[in-house]
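Colleague: Structure for the following, please:
(one chain, ligands or ions: 1)
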Amino acid sequence: MKKNDLLTLKIEGMGNEGEGIGKADGFPLFIKDALPGDVIRAKALKVKKTYGYGRLMEIVTASLDRTEPPCPVHRSCGGCQIQALSYEKQLEYKREKVQNQLIRLGGFSAPEVLPVLGMDEPFRYRNKAQFPFGRDREGRVVTGFYAGRTHHIVPNRDCLLGVAENQEILEILVDFMEQEGIAPYEEASGEGLVRHVLIRKGFATGELMVCLVLNGDVLPGAGELADRLFQIPGMTSFTLNVNTKNTNVILGDKLIPVRGQAYITDRIGDVQYRISPLSFYQVNPVQTKRLYETALSYAGLTGTEVVWDLYCGIGTISLFLAQKAGRVYGVEVVPQAVEDARENAALNGLSNVEFYLGKAEEVLPRQYEEKGIRADVIVVDPPRKGCGRACLDTMLSMAPERIVYVSCDSATMARDLKLLCEGGYELKKVQPVDMFPHTAGIETVCLLSNRKSKPDSYVDLSVNMEDYHRIKNEEK
Ligand code: SAH
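Modeller: Sure thing, here's the model as predicted:
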């Protein structure tokens, strides 16, 4: 096969980014927007030694699992990858993806993965959106989302995964920039002022936050813009964020309040949270509740346990756990998030929680070596790259009865679980939760139990081995 070859293929599988996989004479091609069951015409784009990439040119026979995607830009926009796949099949695909990663990267032979917890209404679920600004060919200010793998903006002010208010806010911002002659930031030259807008909504409270990311620290007419934004019901916080670096990272470290509070408040279950623009907060509040409830049930708390919650963000899981634990310690690297977390503990009247600022892979080993800290349960919820090695090693040394691993990347999760299981843990439960419908992303909660401890409800392998030898002897 060579570049630009035209081929007819049957799509038989799905890749980790939601691409269809079909084979031409046994040679696998990954094709964006093609779905299992489709017969398609494809053009070979990039041909490597053992696999290649192709472009979907025409659907010859459509898969029975295809559905009419409601978003007009679902193909060009990089946000959704599998909107054209029926939601039911999306959930099946995600379950298989987690299972395959556990087998391929985790070395588990036949891991049992529970059916994915899906959404009843899988649109308008995101409480957060980050829109870049740029110009179209005619020089008009545009905003939308990046196309997959590029920084080309696909204009779209009403993403169907986001809240309806996004559109109104974006219209105000674009009109304001056009009227005041404020230029969008240009990556190539480093010129221009407005880079991105971060919009967040508290689903339980209705509070709205707008944080405008600038290549500078002054926005001419900021007061006028605030007047317009605060006409929208629920508007609670308008801030500026300064990011003058030539980087893909959206937010800088400096925050300038313009009007209202520098944060919004939201609730998940019975717990209230204050959220700053710089803090991480789960994007799908409906599913977050189910995720945290699963994590809490896996933690198996009775009211006395010492729990460590690593990568705790604004203390979301920590506070959920604190309602049922003896004492909870959270560790988080973003200073504003730790500030939020401490505020949140106070806001909810929870005094059995303490937060440490720093990297989990530094704080945990230091606390363990210097103070000999212990844990009955450790919960981790790391970013995509997974846990640091030093963090995992210390967890193994601390030997808690249970580890609850929450992950947004099943590949790094599988890698980390392998290490924990080689170090004495057993994988008990794997529950994927669909936090990101229509994308290839999947969140997973896993329960691991310590093979060496003997709580009633857990299988103890050493006892099983004794039984095994006894039975073997009796047989002789
Ligand atoms: N458990 C929280 C946050 C999970 S996201 C929730 O559910 O809301 C992962 C968090 O890890 C982010 O807040 C990020 O800032 C933080 N983080 C990233 N690298 C870290 C590290 N090395 N040590 C500690 N925290 C880290």
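Colleague: what's around the residue in the stretch 251-400 of the chain that the ligand sits nearest to, how many residues?
Modeller: When scored by C-beta to the nearest ligand atom, the stretch 251-400 of the chain has Gly313 as its residue closest to the ligand, at 2.9 Å. C-betas here are computed from N, CA, C, even on glycine. Look at Gly313: counted by other C-beta atoms under 10 Å, it has 23 neighbours.
Colleague: now do Ala110
Modeller: For Ala110, the count of nearby residues is 7 (other C-beta under 10 Å).
Colleague: distance of it from Ile403?
Modeller: Distance, Ala110 to Ile403, by C-beta to C-beta, to the nearest Å: 21 Å.
Colleague: Next, give phi and psi for Cys312.
Modeller: When read as degrees, to the nearest 10, the backbone of Cys312 gives phi -90, psi -10.
Colleague: Could you list which residues are in contact with it?
Modeller: Shown in contact with Cys312 (C-beta atoms under 8 Å, 6 or more residues apart in numbering): 318, 330-332, 337, 341, 355, 381.
Colleague: hmm, try it at 7 Å
Modeller: By C-beta atoms under 7 Å, 6 or more residues apart in numbering, the contact set of Cys312 is 318, 330-332, 341, 355.
Colleague: same question, Cys408
Modeller: 384, 441, 443.
Colleague: How about the secondary structure of the first one?
Modeller: In terms of secondary structure, Arg384 is coil; the call rests on DSSP: H, G, I helix; E, B strand; the rest coil.
Colleague: With adjacent residues omitted, what lies nearest to it?
Modeller: The shortest distance from Arg384 to any non-neighbouring residue, by C-beta to C-beta, 6 or more residues apart in numbering, is to Asp409 (4.3 Å).
Colleague: ok, and which of the contacts of Cys312 reach the ligand?
Modeller: Contacts with the ligand within the contacts of Cys312, counted by C-beta under 6 Å from any ligand atom: 331-332.
Colleague: Return the subset of the contacts of Cys312 lying in strands.
Modeller: Taking DSSP state E, the ones among the contacts of Cys312 that sit in strands are 330-332, 355.
Colleague: So which of the contacts of Cys408 is surrounded by the most neighbours?
Modeller: Glu443 (28 neighbours).
Colleague: Against the ligand, how distant is the residue lying closest to that one once chain neighbours are set aside?
Modeller: For Glu443, ignoring the flanking residues on the chain, the nearest one in space by C-beta to C-beta, 6+ apart is Met435 at 4.3 Å. Met435 sits 10 Å away from the ligand when distances are taken as C-beta to the nearest ligand atom, to the nearest Å.
Colleague: Is Met435 in contact with Gln287, as I believe?
Modeller: Yes: judged on C-beta atoms under 7 Å, Met435 makes contact with Gln287 at a distance of 4.7 Å.
Colleague: These two: which has the busier surroundings?
Modeller: Per other C-beta under 10 Å, whichever of Met435 and Gln287 has more neighbours is Met435, with 24 against 21.
Colleague: Now do the same for the more buried one: helix, strand or coil?
Modeller: Look at Met435: counting by three-state DSSP, its state is coil.
Colleague: same check, this time on Leu102
Modeller: Look at Leu102: counting by three-state DSSP, its state is helix.
Colleague: what's near enough to touch it?
Modeller: Leu102 is in contact with 108, 111, 414, 430, counting by C-beta under 7 Å, 6+ apart.
Colleague: name the element the third one belongs to?
Modeller: Spelled out, it's Ala414. Using DSSP states H and E, Ala414 sits within helix 410-422.
Colleague: Go ahead and name everything in contact with that helix.
Modeller: Outside helix 410-422, the residues touching it (C-beta under 7 Å, 6+ apart) are 97-98, 101-102, 105-107, 384-387, 392, 396, 403, 405, 407, 427, 442, 444, 446, 448.
Colleague: Next one: the residue nearest to Arg384 relative to the ligand, how far apart?
Modeller: 11 Å.
Colleague: Dump the contacts of Cys408 to CSV, plus pLDDT.
Modeller: Below are the contacts of Cys408 laid out as CSV (pLDDT from 0 to 100):
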residue, pLDDT
Arg384, 97
Gly441, 97
Glu443, 98
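Colleague: so where do the helices sit in the stretch 351-476 of the chain?
Modeller: 360-371, 389-398, 410-422, 461-475 (DSSP state H, counting those that start in this stretch).
Colleague: What of the chain?
Modeller: Taking DSSP state H, the helices of the chain run over residues 87-104, 165-180, 222-229, 285-299, 316-322, 335-347, 360-371, 389-398, 410-422, 461-475.
Colleague: Just the C-alpha atoms of the first one, please, in CSV.
Modeller: This points to helix 87-104. Listed next in CSV are the C-alpha coordinates belonging to helix 87-104 (Å, rounded to 0.1, in the frame of the first residue of the first chain):
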residue,chain,number,x,y,z
TYR,A,87,-25.0,5.9,22.3
GLU,A,88,-25.6,2.3,23.3
LYS,A,89,-22.7,1.2,21.1
GLN,A,90,-20.5,4.0,22.4
LEU,A,91,-20.8,2.5,25.9
GLU,A,92,-20.0,-1.0,24.6
TYR,A,93,-16.9,0.4,22.8
LYS,A,94,-15.7,2.1,25.9
ARG,A,95,-16.1,-1.0,28.0
GLU,A,96,-14.0,-3.0,25.5
LYS,A,97,-11.4,-0.2,25.3
VAL,A,98,-10.9,-0.4,29.1
GLN,A,99,-10.7,-4.2,29.0
ASN,A,100,-8.2,-4.2,26.1
GLN,A,101,-5.9,-1.8,27.9
LEU,A,102,-6.0,-3.9,31.0
ILE,A,103,-5.0,-6.9,29.0
ARG,A,104,-2.5,-5.3,26.7
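Colleague: That one versus helix 410-422: what angle between them?
Modeller: Counting by axes from the mean of the first three to the mean of the last three C-alpha atoms, to 10 degrees, helix 87-104 points 40 degrees away from the direction of helix 410-422.
Colleague: For helix 87-104, which residues meet the burial criterion?
Modeller: For helix 87-104, burial by neighbour count (16 or more other C-beta atoms under 10 Å) applies to 87, 89-95, 97-102.
Colleague: Just give me the residue right at the centre of the protein.
Modeller: Nearest to the geometric centre of the chain sits Cys408, at 4.7 Å (C-alpha atoms, centre = their mean).
Colleague: mind checking how far that residue is from Met435?
Modeller: Counting by C-beta to C-beta, the gap from Cys408 to Met435 is 7 Å.
Colleague: Spit out the residues that contact those two alike.
Modeller: Common contacts of Cys408 and Met435 (C-beta under 7 Å, 6+ apart): Glu443.
Colleague: if we can go back for a sec, please identify the deepest-packed of the helices of the chain.
Modeller: Comparing the helices of the chain by mean neighbour count (mean count of other C-beta atoms under 10 Å), helix 316-322 ranks first with a mean of 27.
Colleague: could you say what helices and strands that helix packs with?
Modeller: Judged by 3 or more C-beta pairs under 7 Å, 6 or more residues apart in numbering; DSSP states H and E, helix 316-322 is in contact with strand 271-275, helix 285-299, strand 306-310, strand 327-332, helix 335-347, strand 353-357.
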